[in-house]
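Kindly generate the corresponding structure for this input.
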Amino acid sequence: QVQLVESGGGLVQAGGSLRLSCTASGRTFINYVMGWFRQAPGKDREFVGGINRSGGSTYYADSVKGRFTISKDNAKNTVYLQMNSLKPEDTGVYYCAAKTALLPLQSAPSYDYWGQGTQVTVSS
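Now for the predicted structure:
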């Protein structure tokens, strides 16, 4: 079992920045591929980005590419989502998720473990 806890959400004005953290416990963190997803009210959960086990490769949805950055600190069992130039359409509950297989990275059902989510609200 892996337990994931997100933190760092909040209310920010458009153009601002937030950094989300997701800390894992329970198993060896380096074994896991990590993904970030978000869900806006009335919409399906969507892939934001992901990072491979070592933290050496990252992948992003087109909607956040160039604005968001994912990093993984295996020594701290933590993955981060740095969000810059935030837009109102980035509003939603952000979830981190973990699995062992890299592919398919964007598929939410392929992840084995999920955090409880943290709310991000971007005001215009």
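
Can you report how many residues lie near residue 122?
20 (other Cβ atoms under 10 Å). From N, CA and C alone the C-beta is placed, and that goes for glycine too.

got a list of what it touches?
The neighbours of residue 122, taking Cβ atoms under 8 Å, 6 or more residues apart in numbering as the test, are 11, 12, 13, 14, 16, 86, 87, 88, 89, 90, 91.

I'd like to know which of those residues are buried.
12, 86, 90, 91 (16 or more other Cβ atoms under 10 Å).

Make JSON lines out of these and add pLDDT, secondary structure and distance to residue 54.
Compiled in JSON lines, these are given as follows (pLDDT from 0 to 100; DSSP: H, G, I helix; E, B strand; the rest coil; distance: Cβ to Cβ, whole Å):
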{"residue": "12", "pLDDT": "98", "secondary structure": "strand", "distance to residue 54": "31"}
{"residue": "86", "pLDDT": "98", "secondary structure": "coil", "distance to residue 54": "28"}
{"residue": "90", "pLDDT": "98", "secondary structure": "helix", "distance to residue 54": "27"}
{"residue": "91", "pLDDT": "98", "secondary structure": "coil", "distance to residue 54": "32"}
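
quick one: which of those residues is nearest to residue 111?
Lowest distance from residue 111 to the buried ones among the contacts of residue 122 (Cβ to Cβ) belongs to residue 90, with 20.8 Å.

Could you verify my assumption that that closest one touches residue 121?
No. Applying Cβ atoms under 8 Å as the test, residue 90 and residue 121 come out as separate, 9.1 Å apart.
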